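Colleague: how does the following fold in three dimensions:
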Amino acid sequence: MYSELDSLYYIVAAPLKDNGHVFVSLMMDLFVILSLTKDMFIVGSTNICYASERSEVNPQAKYMVMKTRNLTLCRFVAVDETVSYESHPQDPTKTLLKQEAMVTVQGVPLNSYVEDMLTNKISLNAGKGRQAIEWVISKIDAEVKELANSAVKSTDELLMHTKKSLDEITNSARKSMDDISSAAKKSLDDLQNLTPRTNQNLPKF
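Modeller: Below you'll find the model as predicted:
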């Protein structure tokens with residue numbers, strides 16, 4: 001059974017290996033469906049499921065692909081998921097996201113019915129991954145705009161502070177020049193007032 005839709009799982013832990021291989025611990029309710037059909041078979045259920053994931057990144061081609069396969073209950077169910085990201089051929093500013101999920105059930109009665117049930121479950125949850133990505137993008141955009149506004153505000157405040165400092169320096173320099181000019185004028189006036197008195201005290205020949 002093949003479906004180009006989202007699979008439903010939430011990553012708990014995914015340590016990345018040097019070769020790009022990831023051993024993923026998943027919170028997955030995908031396999032809980034198997035335990036709901038006890039009349040057909042009993043395989044049990046678990047909250048923690050494990051999967052193996054391999055990632056390939058090509059920075060030059062702007063391409064990334066992640067392939068994941070479940071390890072838990074793999075004797076009964078195989079869920080192969082492929083997620084790829086690549087640059088849009090017409091608009092390099094956009095990213096094409098493609099998700100594929102292939103479900104195979106074996107070793108249990110009515111495997112076709114179970115495959116359909118699992119595929120329908122995946123279909124019902126289609127779009128959640130994209131919505132999460134859109135939410136992250138909108139969050140990043142909001143933070144970038146906030147940083148930009150903060151930078152503009154800081155720049156404006158810096159310019160205002162610089163202008164204020166320059167005005168204060170200019171006023172201080174002008175005041176100092178006025179004080180020096182006043183002091184020089186006063187000294188000159190005092191000297192002029194002193195000169196006639198000195199001449200009057202000189203004896204006549």
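
Colleague: now stretch 140-149: mean pLDDT?
Modeller: Average pLDDT, stretch 140-149: 84.

Colleague: repeat that for stretch 77-85.
Modeller: 86.

Colleague: same question, stretch 112-131
Modeller: According to the model, stretch 112-131 has a mean pLDDT of 74.

Colleague: likewise stretch 160-179?
Modeller: Computed over stretch 160-179, the mean pLDDT rounds to 74.

Colleague: mind listing residues that contact that stretch?
Modeller: The contact list for stretch 160-179 (Cβ atoms under 8 Å, 6 or more residues apart in numbering) is empty. Yep, even glycine has a C-beta here, placed from its N, CA and C like the rest.

Colleague: now do the buried residues in it.
Modeller: Within stretch 160-179, no residue is scored as buried using 16 or more other Cβ atoms under 10 Å.

Colleague: just the helices in the chain please.
Modeller: All helices of the chain, identified by DSSP state H, fall at 32-36, 111-124, 128-200.

Colleague: tell me what the second one is packed against?
Modeller: For helix 111-124, the elements it packs on are strand 2-3, helix 32-36, strand 77-87, strand 95-105, judged by 3 or more Cβ pairs under 8 Å, 6 or more residues apart in numbering; DSSP states H and E.

Colleague: can these go into JSON lines with extra columns for mean neighbour count and distance to residue 175?
Modeller: Converted to JSON lines, the helices and strands packed on helix 111-124 look like this (neighbours: other Cβ atoms under 10 Å; distance: least, Cβ to Cβ, whole Å):
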{"stretch": "strand 2-3", "mean neighbour count": "16", "distance to residue 175": "81"}
{"stretch": "helix 32-36", "mean neighbour count": "15", "distance to residue 175": "82"}
{"stretch": "strand 77-87", "mean neighbour count": "17", "distance to residue 175": "63"}
{"stretch": "strand 95-105", "mean neighbour count": "17", "distance to residue 175": "62"}
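
Colleague: adding distance to residue 172, write these out as TSV.
Modeller: Formatted as TSV, the helices and strands packed on helix 111-124 follow (distance: least, Cβ to Cβ, whole Å):
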stretch	distance to residue 172
strand 2-3	76
helix 32-36	77
strand 77-87	58
strand 95-105	57
